[in-house]
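Q: Kindly generate the corresponding structure for this input.
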Amino acid sequence: MGIEERLEKIEALLAALVERQTIREWYSTDEFARAVKKAEFTVREWCRLGRVLASKKKSGRGAFPAWCISHDELLRYQREGLRPFSLSLS
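A: Alright, predicted model coming up:
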């Protein structure tokens, strides 16, 4: 393996590392799922059930707004896990 090939491999690895470590203000359910190593469907259900604090934002794609999860909520989930189920007595 030549020096140029090794440098290209190192650059690709660094780019992947930087992308993975980039802190964002908001995450989509797909990005959150990748960060916590869960399926996107699972994360959407957690949002729907209030197990993860999320808000709906217009994405410009389709008729339905998409869930957005804040960076603070990602950190909270990593420290504490899922929020408890909320029992509504209505």
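
Q: what's the residue closest to the geometric middle of this protein?
A: The C-alpha lying nearest the average C-alpha coordinate of the chain belongs to Phe32 (CA atoms, centre = their mean; 1.3 Å).

Q: Show me which positions of the top strand by length along the chain end up buried.
A: Of all segments of type strand in the chain, defined using DSSP state E, the longest is strand 66-70. For strand 66-70, the buried set under the neighbour-count rule, 16 or more other CB atoms under 10 Å, comprises 66-70. Heads up, the C-betas are built off the backbone N, CA and C, glycines and all.

Q: where exactly do the helices run in this structure?
A: In order along the chain, the chain carries the following helices (DSSP state H): 3-21, 29-36, 40-49, 71-80.

Q: Mean pLDDT and distance to Lys58 added to the ones you listed, as JSON lines?
A: Rendered in JSON lines, the data for those read as follows (pLDDT from 0 to 100; distance: least, CB to CB, whole Å):
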{"stretch": "helix 3-21", "mean pLDDT": "86", "distance to Lys58": "25"}
{"stretch": "helix 29-36", "mean pLDDT": "94", "distance to Lys58": "15"}
{"stretch": "helix 40-49", "mean pLDDT": "96", "distance to Lys58": "16"}
{"stretch": "helix 71-80", "mean pLDDT": "95", "distance to Lys58": "19"}
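
Q: Could you export these as CSV, including distance to Ser86?
A: Shown next, in CSV, are those (distance: least, CB to CB, whole Å):
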stretch, distance to Ser86
helix 3-21, 33
helix 29-36, 20
helix 40-49, 8
helix 71-80, 15
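
Q: which of the ones you listed sits most buried?
A: Highest mean neighbour count among the helices of the chain (mean count of other CB atoms under 10 Å): helix 29-36, with a mean of 18.
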